[in-house]
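[1] What would the 3D arrangement of this be:
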Amino acid sequence: MPDTILTGGCQCGAVRYALSEAPESTVCHCRMCQKAVGGPFAAFCKVRLDHFAWTRGQPAAFRSSTAAERHFCRDCGTPLTFHYLHGDAIEVTTGSLDHPETVPIIRNFGADSRLPWIDRLMPGAVPDVPPSNPALDSRQHPDHETLTGWRPPA
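    Just a heads-up that it's a prediction; the model follows:
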């Protein structure tokens, strides 16, 4: 991997990573991302896989759909990445960067799920990208109570 330009990791320090190219920073408002980070949206920084490396520890992974997986620290639970299984890039959570202030957001995704009060919170936010959801089967828990023992489809 070329020289490191940005680093980041989880809250407890068990998992660390490095980026060797300037990432593209976006925000996703889709319901899956909201649940993955426990917030109104998820902010990500995208780099090509050959410019990304885990430098300490190994994260756990959750296949949140048939198309993607998300990495997180198995010790403290910090959400760390989003990755299309057959893609050539990985997206780290902006908040897990050591210096997130250096990567301004340039675009929004998943605007059809954006919470209605976001525009009041962030007036004049960056433009949206039209939705383009590939056919996928979500493996996230539905937005309602389920019977004890519910498991996502295999």
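[2] hey, which helix is longest across the protein?
    Ranked by residue count under DSSP state H, the longest helix found in the chain is helix 31-37.
[3] Neighbouring strands - and their directions - for whichever helix or strand comes after that helix?
    Taking DSSP states H and E as the definition, the helix or strand that follows helix 31-37 towards the C-terminus is strand 42-48. Partner strands for strand 42-48, per DSSP bridges, with pairing direction: strand 24-28 (antiparallel), strand 89-93 (antiparallel).
[4] Select from those strands the stretch with the lowest mean pLDDT.
    Set side by side, the strands paired with strand 42-48 differ in mean pLDDT, and strand 24-28 is lowest with a mean of 92.
[5] List the buried residues in the least confident helix or strand in the chain by mean pLDDT.
    Every helix and strand in the chain was compared by mean pLDDT, DSSP states H and E; the lowest is helix 118-121, with a mean of 74. Residues of helix 118-121 classed as buried: Ile118 (neighbour count, 16 or more other Cβ atoms under 10 Å). (Glycine included, C-beta is placed from N, CA and C.)
[6] Next, the contact list for the spatially most central residue of the chain, please.
    A centroid search over the chain (Cα atoms, centre = their mean) returns Phe82, at 4.2 Å, as the residue closest to the centre. In this structure, Phe82 makes contact with Cys28, Cys33, Ala36, Ala42, Phe44, Ala68, Glu69, Arg70, Ile90, Glu91, Thr93, judged by Cβ atoms under 8 Å, 6 or more residues apart in numbering.
[7] Find the nearest non-adjacent residue to it, please.
    For Phe82, the nearest residue in space outside its immediate sequence neighbours is Glu91; the separation is 4.5 Å by Cβ to Cβ, 6 or more residues apart in numbering.
[8] what's the neighbour count on the one you found?
    Counted by other Cβ atoms under 10 Å, the residues lying close to Glu91 total 25.
[9] Against Gly149, how distant is it?
    Glu91 is 32 Å from Gly149, where distance means Cβ to Cβ, to the nearest Å.
[10] ok, what's across the strand from Pro79?
    According to DSSP bridges, the residues that bridge with Pro79 are Phe72.
[11] Any regions of the protein where pLDDT drops low?
    Counting by pLDDT under 70, the chain has low-confidence residues at 1-2, 122-146, 153-154.
[12] do that again at 50, thanks
    Counting by pLDDT under 50, the chain contains low-confidence ranges at 143.
[13] So which residues of it form strands?
    Using DSSP state E, the strands of the chain run over 6-9, 16-19, 24-28, 42-48, 52-56, 60-62, 68-72, 79-84, 89-93, 105-109.
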